[in-house]
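Asker: Build me a model:
(one chain, ligands or ions: 2)
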Amino acid sequence: MDRFIIRGGHRLHGDIVIGGAKNSALKLLVAGLLTSETLVLSNVPRIADIRTMRTLLQQHGLTVEDVDGTGAVLSVGGPITNTEAPYNIVSKMRASILVLGPLLARCGEARVSLPGGCAIGTRPVDMHLKGLEALGARITLENGYINAQAPEGLTGARIILPFASVGATENLLMASCLAKGRTEIVNAAREPEIGDLVACLNAMGARITGAGSGTLVIDGVDALHGAEYRVMPDRIECGTYACAAAITGGDLRLIDGRAEHLGAVVRALEEAGAEVFQEEDALRVRRTGALRGVDIMTEPYPGFPTDMQAQFMALLSVAEGASMVTETIFENRFMHVPELNRMGARINVHGSSAIIRGVHSLSGAPVMATDLRASFSLILAGLAAHGETILSRVYHLDRGYEAVERKLARCGAQIERVSG
Ligand SMILES: CC(=O)N[C@H]1[C@@H](OP(=O)(O)OP(=O)(O)OC[C@H]2O[C@@H](n3ccc(=O)[nH]c3=O)[C@H](O)[C@@H]2O)O[C@H](CO)[C@@H](O)[C@@H]1O
Ligand SMILES: C=C(OP(=O)(O)O)C(=O)O
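Answerer: Numbers count the residues shown, from 1 in each chain. Ligands and ions are numbered 1, 2, ... in the order given. Got it, this is the predicted structure:
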């Protein structure tokens, strides 16, 4: 198992290229199930979750090819030969549940393992299932699997989501592209990744309006065709490196970073004492003055993203004064807190809120990654800390961040990956 060894105390300076968005690329690959033609995606991040999604789609019968040998351009095509998504893949990556809607819409049936809980929360899929039932699917749960049938195809409906779930919106959006008639998804998620999926589906011949407005209107079509599409830049990777600039008192140009996708994060960074500028090709983040404590609350987009909460907490742990972080999306997303405290942070958790009393400095320690974003919060703490931090269970990080050690080391960080 790989570990990272980080020697903290170095300001980061230079350019970091932000890759394609994990949380968009995964869904765009799944959209390949909706057509018999070939979908070609560029700017695909080279991360473990994408490799898992390739395996899942391949076992459904699709051919997924690395077009130019870099892993960043993938083509998806070919017939679907198997409509079952097995436990061993779904349990590895929750986004696998997104094949349910497309398989059902295209083949009239699907059998998908229930994803179950994960480190950050129980994460049920009831809204995905209720929405598909509203489109006419018959759904039963048996032996840990979702069995879904729609032998006559799906039919458009008005679906009101009780919560603006990203995954439920995406599953229902993809399913309804091939449903008969009009579907309306009310209280749809407004995350930029939904907009990216809508743009790709429309390029494939879907008829969808309303992206970003909270109500998606989908007029079903008989078939979708192939397309070429470039994955949007990863706003969470960008926000994460923005925190690296801020916590080290550095100056980073995050190439391809877009402030428009990071409004709440940029506001919080500025309030905490960082300067953020949108340049033509990059988001530039630097800090020269002191870090100040701020209060943040995670919310669906355009609110502060839960996927940035752990990284921001690392920053606040060395800010002057007290901060409060409230997590409203997932019920168990504070697992980085005990690890940050082992590095000298002073954080107390009360229910869904954490009170952070800023300390002057952190000290390096052996720490353990518990999930993807928590892992990076420990790297950030390690970059700011005195001495050596050894981060184990780096496989969590490899799910969603490409070439972390290379990107950071090029900007002056002392970080190395050690295998075994
Ligand atoms: C692969 C991917 O894109 N993952 C992102 C996606 O996850 P994901 O799509 O799983 O997140 P959701 O927006 O669906 O979940 C938000 C909340 O709704 C609950 N819920 C969701 C569906 C449902 O049927 N029932 C239900 O109760 C969840 O348990 C959670 O508490 O959006 C999250 C919220 O921005 C991000 O943190 C994840 O990084
Ligand atoms: C929680 C995340 O991903 P997933 O939904 O795949 O667990 C994430 O990207 O931070």
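Asker: Let me see the contact set for the nearest residue to residue 336 once chain neighbours are set aside.
Answerer: Spatially, and ignoring its direct neighbours in sequence, residue 336 is nearest to residue 374 (3.9 Å; Cβ to Cβ, 6 or more residues apart in numbering). Every residue, glycine included, has its C-beta placed from N, CA and C. Residue 374 makes contact with 310, 333, 335-336, 339, 396, according to Cβ atoms under 8 Å, 6 or more residues apart in numbering.
Asker: check these against ligand 1, which are close?
Answerer: Contacts with ligand 1 within the contacts of residue 374, as defined by Cβ under 6 Å from any ligand atom: none are present.
Asker: Which residue does this structure have closest to ligand 1?
Answerer: residue 167 (2.8 Å; Cβ to the nearest ligand atom).
Asker: which stretch of helix or strand covers that residue?
Answerer: helix 166-177 (DSSP states H and E).
Asker: in the helix or strand following that helix, what counts as buried?
Answerer: Next helix or strand after helix 166-177 toward the C-terminus (DSSP H and E): strand 182-186. By neighbour count with 16 or more other Cβ atoms under 10 Å, strand 182-186 contains the buried residues 183-185.
Asker: gap between residue 113 and residue 317?
Answerer: Relative to residue 317, residue 113 is positioned 38 Å away (Cβ to Cβ, to the nearest Å).
Asker: Relative to the whole chain's centre, how far out is the strand or helix carrying residue 240?
Answerer: Assigned by DSSP H and E, residue 240 belongs to helix 235-248. Here helix 235-248 is found 15 Å from its chain centre; the criterion is Cα atoms, centre = their mean, to the nearest Å.
Asker: is it fair to say residue 309 lies in a strand?
Answerer: No. According to DSSP: H, G, I helix; E, B strand; the rest coil, the state of residue 309 is helix, so it is not within a strand.
Asker: residues touching it, list them.
Answerer: Neighbour list for residue 309: 296, 298, 325, 327, 333, 373 [criterion: Cβ under 8 Å, 6+ apart].
Asker: Contacts only, for the residue of the chain at minimum distance from ligand 2.
Answerer: Residue of the chain nearest ligand 2, by Cβ to the nearest ligand atom: residue 307 (4.0 Å). By Cβ under 8 Å, 6+ apart, the contact set of residue 307 is 23, 236, 373.
Asker: Among the residues you listed, name the ones that also lie close to ligand 1.
Answerer: Filtering the contacts of residue 307 for proximity to ligand 1 (criterion: Cβ under 6 Å from any ligand atom) leaves residue 23.
Asker: Of the contacts of residue 307 - the most surrounded one?
Answerer: Neighbour counts for these peak at residue 373, which has 27 neighbours (criterion: other Cβ atoms under 10 Å).
Asker: ok, that one to residue 55 distance?
Answerer: 23 Å.
Asker: Ligand 2 contacts on this structure?
Answerer: So the chain meets ligand 2 at 23, 94-95, 307, 372-373, 400 (Cβ under 6 Å from any ligand atom).
Asker: In which helix or strand does residue 382 reside?
Answerer: helix 372-384.
Asker: Beyond that helix, next helix or strand please.
Answerer: From helix 372-384, the next helix or strand downstream (DSSP H and E) is strand 388-392.
Asker: Rounded mean pLDDT for the next helix or strand after that next one, please.
Answerer: Going down the chain from strand 388-392, the next helix or strand is helix 395-398, by DSSP H and E. Regarding helix 395-398, the rounded mean pLDDT is 95.
Asker: Show me the helices in the stretch 151-300 of the chain, by range?
Answerer: Ranges of helices in the stretch 151-300 of the chain, per DSSP state H, counting those that start in this stretch, are 166-177, 192-203, 235-248, 263-271.
Asker: do the stretch 1-150 of the chain as well
Answerer: 22-30, 48-59, 87-90, 100-107, 126-134.
Asker: Residue numbers of the chain in contact with ligand 1?
Answerer: 23, 26, 94-95, 121, 123-128, 163, 165-168, 306-307, 329-330.
Asker: 8 Å instead, please
Answerer: Proximity of the chain to ligand 1, by Cβ under 8 Å from any ligand atom, involves residues 22-23, 26-27, 49, 94-95, 98, 120-130, 163-170, 189, 191, 193, 236, 300-301, 305-307, 329-331, 372.
Asker: OK, contacts around the spatially closest residue to residue 116 that is not a sequence neighbour?
Answerer: Setting aside the residues directly before and after it, residue 116 is nearest to residue 91 in space (Cβ to Cβ, 6+ apart), at 6.6 Å. Residues in contact with residue 91 (Cβ under 8 Å, 6+ apart) are 113, 115-116.
Asker: Nearest to residue 197 among those residues?
Answerer: Nearest to residue 197 out of the contacts of residue 91 is residue 115 (Cβ to Cβ; 19.3 Å).
Asker: So that closest one versus residue 15, what's the distance?
Answerer: Residue 115 is 37 Å from residue 15, by Cβ to Cβ.
Asker: more neighbours, the two?
Answerer: The neighbour comparison of residue 115 against residue 15 (other Cβ under 10 Å) goes to residue 115, with 22 against 14.
Asker: which ones are touching the more buried one?
Answerer: Going by Cβ under 8 Å, 6+ apart, residue 115 touches 90-91, 94, 96-97, 123, 125.
Asker: hmm, which two among those are most spread apart?
Answerer: Across these (Cβ to Cβ), the longest gap, 13.4 Å, separates 91 and 125.
Asker: who has more neighbours, residue 113 and residue 317?
Answerer: Between residue 113 and residue 317, residue 317 has the larger neighbour count (other Cβ under 10 Å), namely 30 against 19.
Asker: Chain neighbours aside, what residue packs nearest to that one?
Answerer: Ranked by Cβ to Cβ, 6+ apart and with sequence neighbours excluded, the top spatial neighbour of residue 317 is residue 345, at 3.8 Å.
Asker: pLDDT below threshold where in the stretch 201-350 of the chain?
Answerer: Along the stretch 201-350 of the chain, segments meeting pLDDT under 70 are nowhere present.
Asker: Strands along that one, start to end?
Answerer: 207-209, 215-219, 227-230, 251-255, 275-278, 282-286, 296-297, 322-326, 346-350 (DSSP state E, counting those that start in this stretch).
Asker: Is it possible to get a markdown table of these that adds mean neighbour count?
Answerer: Below are the strands of the stretch 201-350 of the chain laid out as a markdown table (neighbours: other Cβ atoms under 10 Å):
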| stretch | mean neighbour count |
| --- | --- |
| strand 207-209 | 15 |
| strand 215-219 | 20 |
| strand 227-230 | 18 |
| strand 251-255 | 22 |
| strand 275-278 | 16 |
| strand 282-286 | 23 |
| strand 296-297 | 20 |
| strand 322-326 | 19 |
| strand 346-350 | 13 |
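Asker: Cool, thanks, signing off.
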